[in-house]
Structure formats: C-alpha cells, structure tokens
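Chemist: A structural model of the following input is requested.
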Amino acid sequence: MDGDDAGTIPTNLRLLLVLEEIARVGVPVTPTEINAALGLPKPTIHRLFATLEEEGFLQRDMDGRTYSPGPRLRSMAGGILSSLRIRTARQAILKRLSGEIGETCNIALPDRDAMIYLERVETQWPLRIQLPIGTRVPFYCTASGKMYLSTLARSHLVRYLSATDIVARTANTLTDPDALLAEIQRVREQGYSLDREEFMEDMIALAVPILDVNDRLMATLAFHAPTQRFSIERAMEYLEPMRHAAADLSKLVA
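Modeler: Numbering: from 1, shown residues only. Coordinates of the predicted model:
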C-alpha cells in the first residue's frame with residue numbers, strides 16, 4: 001500500500017490493518033516496519049501503536065523498540081481457535097490420532113513465557129499424566145516448548161535463554177545454555193522435538209509444528225506417554241501420523 005492509498009484508509013479500519021500486518025509478519029516489529037506496508041503518516045502509526053499498547057493488544061519488548069502481541073490480542077487469537085466449529089473438527093482429528101497411538105494427544109499455544117494447553121484427548125489407560133487444558137509448561141524442557149523455540153531468530157533465542165531461570169525439573173533437563181542451543185538447532189533441522197524425561201521423570205513426548213497459511217508455527221501437536229509403555233524409539237514410529245494430523249489441523253484455519 002503506497003502513500004497515496006494511505007489517505008483513503010477509513011480511520012476505523014487502521015487499527016485492524018496494523019494488527020493484520022503484525023500477524024502476517026509474525027515477529028517483533030517496530031512501527032516503522034509495519035508502516036512500510038501501510039504508508040500512514042508517521043505520527044498516525046505511532047499513535048496507533050500507543051493506543052494498542054495502552055489497551056493491551058500490543059506490548060513493548062525488552063529492547064524498548066519492538067512490539068509483540070499483548071494479552072488481549074493473544075486471548076482473542078485463542079478464542080478464535082477455540083470456536084465451536086473449529087473445536088469440533090479439531091477434537092475429531094485428535095481422537096483419531098490418540099486412538100492410533102494409544103496415548104494422550106494435545107495442542108499447545110506459545111504464550112509470552114510458556115506453552116499453554118489449548119486442547120487434549122486423553123488416553124484410555126488408567127496410568128496417565130494429568131496436564132489439563134490451560135496448563136502452562138516451560139519452553140526449555142518440553143517437546144512443544146522446544147519446538148516453538150526452534151522457530152525463533154537466534155538473537156531472540158539467546159535473549160530468552162539469558163533471561164530465563166533454567167531450573168532442572170529432572171536429572172535429564174538441559175540446563176546449560178550451549179547444550180540447549182545445540183538441542184534447539186537439532187529441532188530446527190529435523191522439524192520435530194522430543195522430551196526425553198526432561199520435564200517429568202518417567203515421561204517422554206514427541207511434538208511437531210502446526211503451521212499457519214504463511215508456514216509459520218501457530219501451535220504444536222504433541223503426545224506424551226509414560227516410559228513404562230513407550231520408548232523414544234517407539235515414539236518415533238508415529239512421527240508421520242503426527243505430521244499428517246498436524247497438516248489436517250493447519251487446514252482448519254487456512
């Protein structure tokens with residue numbers, strides 16, 4: 001959109017176009033970067049960002065320059081993904097996958113400092129790990145969290161690792177930043193993530209990305225299982241069914 005078009009944008013549409021462009025870019029942004037696409041007057045774009053920040057739709061990042069989705073925008077996105085039509089189809093996909101694997105399957109969304117469980121289908125086994133919808137789990141020691149971290153630019157990843165209190169949840173938790181960086185690089189290259197009893201003792205997990213229309217991570221699909229029933233080797237046998245289910249879930253919001 002060039003400068004000549006900017007003047008024709010109705011005032012009540014400008015905030016929505018800013019949010020749409022922020023969602024399209026998918027990384028922390030400055031007002032100037034967003035305005036490159038919108039072509040609004042400089043004072044206008046800064047005023048729009050100030051309004052969105054004040055109302056909780058955006059929040060300023062630690063560098064003081066860039067902005068990311070705020071709590072109200074994240075809540076709105078979660079509400080859309082939880083709409084009844086989408087949820088019904090999503091449950092059907094998860095139930096089919098859980099039935100094939102025989103274990104609990106879940107969908108998680110990245111938030112500011114943790115993954116949040118959006119949906120899950122429980123295994124029928126009496127021995128199972130209870131992580132209900134709404135549970136928040138760390139990025140650094142879970143399959144879903146490491147999957148999300150693998151999508152970050154290295155500068156943002158390094159900043160996250162330096163600012164996070166990396167606590168050993170189990171004897172297998174990776175607490176050394178260099179070891180975590182190497183692990184996350186492997187996840188980035190292979191396109192899936194494993195939890196090798198890093199979050200909970202006697203629990204493993206496998207996660208794959210659910211991508212949006214721009215091929216960016218929107219959420220994660222994972223299953224977890226107790227080591228009494230599953231090994232990492234056996235978990236890997238279900239990688240392709242997991243990827244197929246993730247592709248079906250992506251289509252629900254395409």
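
Chemist: so what's residue 181 up against?
Modeler: 157-158, 161 (C-beta atoms under 8 Å, 6 or more residues apart in numbering). C-betas here are computed from N, CA, C, even on glycine.

Chemist: Highest neighbour count among these?
Modeler: Among the contacts of residue 181, residue 157 has the most neighbours (other C-beta atoms under 10 Å), with 20 neighbours.

Chemist: State the helix or strand in which that one lies.
Modeler: Using DSSP states H and E, residue 157 sits within helix 154-163.

Chemist: Helices of the stretch 151-254 of the chain, residue ranges please.
Modeler: 154-163, 177-190, 232-236, 239-251 (DSSP state H, counting those that start in this stretch).

Chemist: what angle do the first one and helix 177-190 make?
Modeler: Spelled out, it's helix 154-163. Helix 154-163 and helix 177-190 are oriented at 140 degrees to each other (axes from the mean of the first three to the mean of the last three C-alpha atoms, to 10 degrees).

Chemist: what helices or strands is helix 154-163 leaning on?
Modeler: Packing contacts for helix 154-163, counted by 3 or more C-beta pairs under 8 Å, 6 or more residues apart in numbering; DSSP states H and E, involve helix 177-190.

Chemist: could you give the angle of the helix it packs on to helix 239-251?
Modeler: Going by the same axes, to 10 degrees, helix 177-190 makes 80 degrees with helix 239-251.

Chemist: What residues of helix 177-190 count as buried?
Modeler: Within helix 177-190, the residues that qualify as buried by neighbour count (16 or more other C-beta atoms under 10 Å) are 177, 180-181, 183-184, 187-188.

Chemist: Then stretch 153-165?
Modeler: Quick answer for stretch 153-165 (16+ other C-beta under 10 Å): 156-157, 160-161.

Chemist: dump the residue contacts of the closest residue to residue 135 other than its chain neighbours.
Modeler: Closest residue to residue 135 apart from its sequence neighbours, by C-beta to C-beta, 6 or more residues apart in numbering: residue 117 at 4.7 Å. Residues in contact with residue 117 (C-beta under 8 Å, 6+ apart) are 106-108, 131-135, 137.

Chemist: Just put the buried residues of stretch 153-165 in TSV and tack on distance to residue 76.
Modeler: As requested, the buried residues of stretch 153-165 are exported to TSV (distance: C-beta to C-beta, whole Å):
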residue	distance to residue 76
156	23
157	26
160	24
161	29
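
Chemist: Can you lay out the helices of the stretch 151-254 of the chain as JSON lines showing mean pLDDT and distance to residue 102?
Modeler: Supplementary listing: the helices of the stretch 151-254 of the chain in JSON lines, determined by pLDDT from 0 to 100; distance: least, C-beta to C-beta, whole Å:
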{"stretch": "helix 154-163", "mean pLDDT": "87", "distance to residue 102": "34"}
{"stretch": "helix 177-190", "mean pLDDT": "96", "distance to residue 102": "24"}
{"stretch": "helix 232-236", "mean pLDDT": "96", "distance to residue 102": "10"}
{"stretch": "helix 239-251", "mean pLDDT": "95", "distance to residue 102": "12"}
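
Chemist: Minimum distance to residue 12: which of the ones you listed has it?
Modeler: helix 239-251 (31.5 Å; C-beta to C-beta).

Chemist: which strands and helices sit next to that closest one?
Modeler: By 3+ C-beta pairs under 8 Å, 6+ apart, helix 239-251 packs against helix 84-101, strand 203-211, strand 217-226.

Chemist: Lowest average confidence across the ones you listed, which one?
Modeler: In terms of mean pLDDT, the lowest-scoring of the helices and strands packed on helix 239-251 is helix 84-101 (a mean of 86).

Chemist: my guess is residue 111 contacts residue 77, does it?
Modeler: No. Counting by C-beta atoms under 8 Å, residue 111 stays clear of residue 77, with 10.5 Å between them.

Chemist: So which residue is dead centre in the protein?
Modeler: residue 110 (3.3 Å; C-alpha atoms, centre = their mean).

Chemist: pLDDT score for that one?
Modeler: 87.

Chemist: Quick check: bridge partners of it?
Modeler: For residue 110, the beta-bridge partners are residue 115 (DSSP bridges).
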